[in-house]
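Peer 1: I would like the atomic coordinates for the input below:
(one chain, ligands or ions: 1)
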Amino acid sequence: MAAMKQADLAGYLNFPNQDIALRCTDVNVDYATERAIFDCNCVFPKNKITALIGPSGSGKSTLLRCLNRMNDGRAQVSGTIDYEGTNLNDQQINVYQLRQKIGMLFQQPNPFARSIYFNLAFGIREHQAISKSELEQRMREVLEMVDLWSEISGDLQRHANHLSGGQQQRLCLARTLMLQPDILLLDEPASALDPIATAKIEANLLALKKDITIIIVTHNLEQAARISDYTAFFYQGYLVEYDRTKHLFLKPHQKLTADYLAGNFG
Ligand SMILES: Nc1ncnc2c1ncn2[C@@H]1O[C@H](COP(=O)(O)OP(=O)(O)OP(=O)(O)O)[C@@H](O)[C@H]1O
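Peer 2: Model prediction:
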């Protein structure tokens, strides 16, 4: 299989830099025993939601993890990942600072086993000097963004483990937002949640994209169709097709994409 033809991608790769949050050029990722991403060229437009879809093992999470250096120590990444004129694959990059700007949310909610207050305060206090009143103002703002403020009646001392799974995931989202990221990477953030909790996370993401670029790995094709602006379809480590979501879902160019969307394999 060959990587998606440059001609098919040309329109997107030519997006002007000011509209692009991240641009991958010739990215390859090697684990000790296998290559997981082959010659990936793609862009992630600013203030849009891009979904990464594809069958299990197609490389979606591997590529996502390249975008904030989560593959360090586990895989060899080559190629360029341009973020604001810097190659974030450059070993000189301060990864700690990078992850403030490019935050990540995982499949399982993973709050610290402490209060909501601690969860929200911890990261930002590590990164910057902030007064108590500013801190608490920002806590309220992010909890409102994820619709948790009213649900917890403003009780920041409540233990995070006493929240429902969906509330814990929204708390983790709020924790990431405390650092005011430019980009959010989400690896199946709703797959452990029920439909109501999933709908709340999706509504949060749609509201957040006015300020933040969002890249989401999802197995849920309906979710990708509902919330994303662009979709990238991966198969066996290759980017097979990338397009506006409605085009890719309604009129895929590649037979492989059409077969996957039709449920012929997965
Ligand atoms: N830490 C690792 N060490 C070695 N190989 C790995 C590692 N993580 C992933 N792989 C391999 O890389 C390939 C891509 O895996 P990846 O998890 O990126 O796929 P995926 O599309 O996200 O799959 P899923 O949808 O099941 O999460 C697979 O063949 C997988 O076995």
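Peer 1: and the residue nearest to the spatial centre of the chain, how far from Leu250?
Peer 2: Compute the mean C-alpha point of the chain, and by CA atoms, centre = their mean the closest residue is Leu185, 1.9 Å away. Applying CB to CB, to the nearest Å, the value for Leu185 to Leu250 is 27 Å. Using the backbone N, CA and C atoms, a C-beta is placed for each residue, glycine as well.
Peer 1: spell out, range by range, the strands that occur in the stretch 51-200 of the chain.
Peer 2: Here the stretch 51-200 of the chain has its strands, by DSSP state E, counting those that start in this stretch, at 76-83, 86-87, 102-105, 183-187.
Peer 1: quick check: Leu148 touching Arg170?
Peer 2: Yes - between Leu148 and Arg170 there is a contact under CB atoms under 8 Å: 5.2 Å.
Peer 1: so the two - more neighbours on which side?
Peer 2: Using other CB atoms under 10 Å as the criterion, Leu148 and Arg170 rank with Arg170 on top: 27 against 22.
Peer 1: ok, the closest residue in space to that one that isn't next to it in sequence - contacts?
Peer 2: In space, Arg170 comes closest to Val146 once its chain neighbours are excluded; the distance is 4.1 Å by CB to CB, 6 or more residues apart in numbering. By CB atoms under 8 Å, 6 or more residues apart in numbering, the contact list for Val146 reads Arg170, Leu171, Leu173, Ala174, Leu177, Asn204.
Peer 1: so the third one makes contact with Pro109?
Peer 2: Translated: Leu173. No - counting by CB under 8 Å, Pro109 is not a contact partner of Leu173; they are 9.3 Å apart.
Peer 1: next structured bit after the helix or strand bottoming out on mean pLDDT in the chain?
Peer 2: Among the helices and strands of the chain, helix 6-13 carries the lowest confidence by mean pLDDT, DSSP states H and E, at a mean of 61. Per DSSP states H and E, the first helix or strand lying C-terminal to helix 6-13 is strand 20-30.
Peer 1: that next one near the ligand at all?
Peer 2: No - judged by CB under 6 Å from any ligand atom, strand 20-30 makes no contact with the ligand; its nearest approach is 8.0 Å.
Peer 1: likewise stretch 192-206?
Peer 2: No - counting by CB under 6 Å from any ligand atom, the ligand has no neighbours in stretch 192-206; the shortest distance is 13.4 Å.
Peer 1: what distance separates that stretch from the centre of its chain?
Peer 2: 15 Å (CA atoms, centre = their mean, to the nearest Å).
Peer 1: over to stretch 191-204?
Peer 2: On CA atoms, centre = their mean, the centre of stretch 191-204 falls 15 Å from that of its chain.
Peer 1: just the residues contacting that stretch, thanks.
Peer 2: Taking CB under 8 Å, 6+ apart as the rule, stretch 191-204 contacts 107-109, 145-147, 164-167, 169-170, 173, 189-190, 218-220, 223, 226-227.
Peer 1: before we move on, what about stretch 258-266?
Peer 2: Residues contacting stretch 258-266 (CB under 8 Å, 6+ apart): Ile53, Gly54, Pro55, Ser56, Leu221, Phe233, Tyr235, Phe249, Pro252.
Peer 1: Ile20 is in contact with Asn47, isn't it?
Peer 2: No - the criterion here is CB under 8 Å, and Ile20 misses it with Asn47 at 10.8 Å.
Peer 1: which one of those two has more residues nearby?
Peer 2: Each of Ile20 and Asn47 has its neighbours counted (other CB under 10 Å); Ile20 has more, 19 against 15.
Peer 1: roughly how far apart are the residue nearest to Arg170 and the ligand?
Peer 2: As judged by CB to the nearest ligand atom, to the nearest Å, Val146 and the ligand stand 25 Å apart.
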